[in-house]
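>>> here's a sequence, model it:
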Amino acid sequence: MARIARIEISQIDLTPKTPRSDAIQAFTCQETPIVRIVTDDGADGTGYSYTIGTGGSSVIALLRDHFAPRLIGRDPDAIEAIWQDLFWHTHALSVGPLTALALAAVDSALWDLRGRRLGLPLHRLAGGAKESIPVYDTECGWLHVETAQLVADAEALVGKGFRGVKVKVGKPHLREDVARLEAVRRVIGDGIELMTDANQGFTVSEAIRRAGAFEAAGLGLAWYEEPLPAEDVEGHARLCAATTIPVAVGESLYHPAQFRDYLARNACRIVQVDVARIGGITPWLKVAHMAEAFNVAVCPHYLMELHLPLCCAVPNSLWLEHIPQLDDIMENRIAITGGVARASEIPGNGIVWDRAAMARHQCFTPIVIER
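Predicted structure coming up:
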């Protein structure tokens, strides 16, 4: 039986392809902690996580000091056991983003290793529900983008075949949000889905007020994403009862139990579980299947390179979010044809890393822990 013999930890900083801003923050850098796990028979797997510019060094420290040493000598196929062990070892820090982000880097490396060893791509290894998934774009709709540019970009995306576009909301005045959304709807037509994202920027009363205005404007919105702070389950339940627009949550939730609370309270209608922020592929699948039991769709947040195979692994996935970020360090970029992305048949997580490019972007010499 193979055993884990070596852990390599590194971090790569990537600059977004497009300036990004929303109702509460700007996203100027993706810190990308990367974990490579090597077994004593030479097999290996690579996983990763991310931050939006802060906290990467804390994730690296958690991996270096607390997670990696506990992996040496373990059976790499005991993925659930390893996840539980690492979670409970750092339980004083859970539930929260640092533990989840560190867990995700380890867990996704273990799934990659398993798939490569078995010769199976992740979407088949994790369920094999479908071969492809429709794609919507987020990059055109950032809050700072002026309306004329927003409209031009949305029109261009539809011309490229995208089947949905997302526009950030949270302008100081409600009418500004409505005017931007109306302008986009006019140019994309009724056959393209239009999503909105408030990035937790509203109070309950303001979220309800804006939802009413969006409905009155006849925008036909696909969803209303993160309208309230993620910890306000009761507020989301009140909002869901007050609007017919599907309320989407998930990118700021860090444990399956938090999704259980939302689903049980009918406080969301779309689950946007993020594979990094939930702690890896292992808990991501649990959340997706839990949502399926509630007849709720999964439309994951960010990390399109990992979410593509995961969306194709489960039956209740609806959309893949298009925010390419790993292009500079990948040899195989995701191809989108007719607004649809097809899961890779490459064994493992489907990412072919450009090791030379990764070396150029490294923040420090990789940390090596081995027996």
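
>>> the host helix or strand of residue 195 - what's its average pLDDT?
Per DSSP states H and E: residue 195 is located in strand 193-197. Throughout strand 193-197, pLDDT has a mean value of 98.

>>> so which elements touch that strand?
Secondary-structure packing of strand 193-197 (3 or more Cβ pairs under 8 Å, 6 or more residues apart in numbering; DSSP states H and E): strand 164-168, helix 174-188, strand 221-225. (Each C-beta comes from the backbone N, C-alpha and C, glycine too.)

>>> can I get those in JSON lines with mean neighbour count and distance to residue 310?
Listed next are the helices and strands packed on strand 193-197 as JSON lines, based on neighbours: other Cβ atoms under 10 Å; distance: least, Cβ to Cβ, whole Å:
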{"stretch": "strand 164-168", "mean neighbour count": "25", "distance to residue 310": "19"}
{"stretch": "helix 174-188", "mean neighbour count": "17", "distance to residue 310": "27"}
{"stretch": "strand 221-225", "mean neighbour count": "25", "distance to residue 310": "19"}
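
>>> with distance to residue 73 added, can I get these in JSON lines?
Listed next are these as JSON lines, based on distance: least, Cβ to Cβ, whole Å:
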{"stretch": "strand 164-168", "distance to residue 73": "45"}
{"stretch": "helix 174-188", "distance to residue 73": "55"}
{"stretch": "strand 221-225", "distance to residue 73": "43"}
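
>>> distance between the ends of stretch 363-370?
The stretch stretch 363-370 measures 21 Å between its terminal residues, going by Cα to Cα, to the nearest Å.

>>> for that stretch, which positions count as buried?
Neighbour-count burial for stretch 363-370 flags 367, 369 (criterion: 16 or more other Cβ atoms under 10 Å).

>>> give the contact list for residue 180.
With contacts defined as Cβ atoms under 8 Å, 6 or more residues apart in numbering, residue 180 is in contact with 147, 150, 167, 169, 171.

>>> grab the nearest non-local neighbour of the fourth one.
This points to residue 169. Leaving out its chain neighbours, the residue that sits closest to residue 169 by Cβ to Cβ, 6 or more residues apart in numbering is residue 177, at 4.4 Å.

>>> could you do the third one as well?
Nearest residue to residue 167, sequence neighbours excluded (Cβ to Cβ, 6+ apart): residue 141, at 3.8 Å.

>>> and the gap between the one you found and residue 116?
As judged by Cβ to Cβ, to the nearest Å, residue 141 and residue 116 stand 36 Å apart.

>>> which one of the two is surrounded by more residues?
Using other Cβ atoms under 10 Å as the criterion, residue 141 and residue 116 rank with residue 141 on top: 24 against 18.

>>> does the more buried one belong to a helix, a strand or coil?
Of the three states, residue 141 takes coil according to DSSP: H, G, I helix; E, B strand; the rest coil.

>>> could you pull out the buried residues of the helix of greatest length in the chain?
Looking across the chain with DSSP state H, the single longest helix is helix 97-118. Applying a neighbour-count criterion of 16+ other Cβ under 10 Å, the buried positions in helix 97-118 are 97-117.

>>> over to stretch 266-286?
Neighbour count says stretch 266-286 has 267-286 buried, by 16+ other Cβ under 10 Å.

>>> quick one: which of those residues sit in strands?
Judged by DSSP state E, strands contain the following of the buried residues of stretch 266-286: 270-271.

>>> can you flag which of the buried residues of stretch 266-286 belong to helices?
In this view, those that belong to helices under DSSP H are 281-286.

>>> on that earlier part again, of the helices and strands packed on strand 193-197, which is nearest residue 53?
strand 164-168 (17.5 Å; Cβ to Cβ).

>>> counting by contacts, list what the closest one packs against.
Going by 3+ Cβ pairs under 8 Å, 6+ apart, strand 164-168 lies up against strand 132-137, helix 147-159, helix 174-188, strand 193-197.

>>> chain center to the longest helix of the chain, what's the gap?
Centre-to-centre, helix 97-118 and its host chain are 14 Å apart (Cα atoms, centre = their mean, to the nearest Å).

>>> could you point out which element follows it?
Following helix 97-118 in sequence order, the next helix or strand is helix 122-125 (DSSP H and E).

>>> hmm, who's touching that next one?
Applying Cβ under 8 Å, 6+ apart, the contact partners of helix 122-125 are 111-112, 114-115, 118, 129-131, 281, 306, 308-313, 343, 348-350.

>>> using PDB, write down the CA coordinates of that helix.
Written as PDB, here are the backbone C-alpha positions of helix 122-125 (Å, rounded to 0.1, in the frame of the first residue of the first chain):
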ATOM      1  CA  LEU A 122     -12.600  14.000 -11.500                       C
ATOM      2  CA  HIS A 123     -16.100  14.300 -13.000                       C
ATOM      3  CA  ARG A 124     -16.300  10.500 -13.400                       C
ATOM      4  CA  LEU A 125     -14.500   9.700 -10.200                       C
END
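
>>> quick check: buried residues in that helix?
Buried positions in helix 122-125, judged by neighbour count with 16+ other Cβ under 10 Å: 122-125.

>>> also stretch 353-365?
So, applying 16+ other Cβ under 10 Å, buried residues of stretch 353-365: 353-354, 358, 361.
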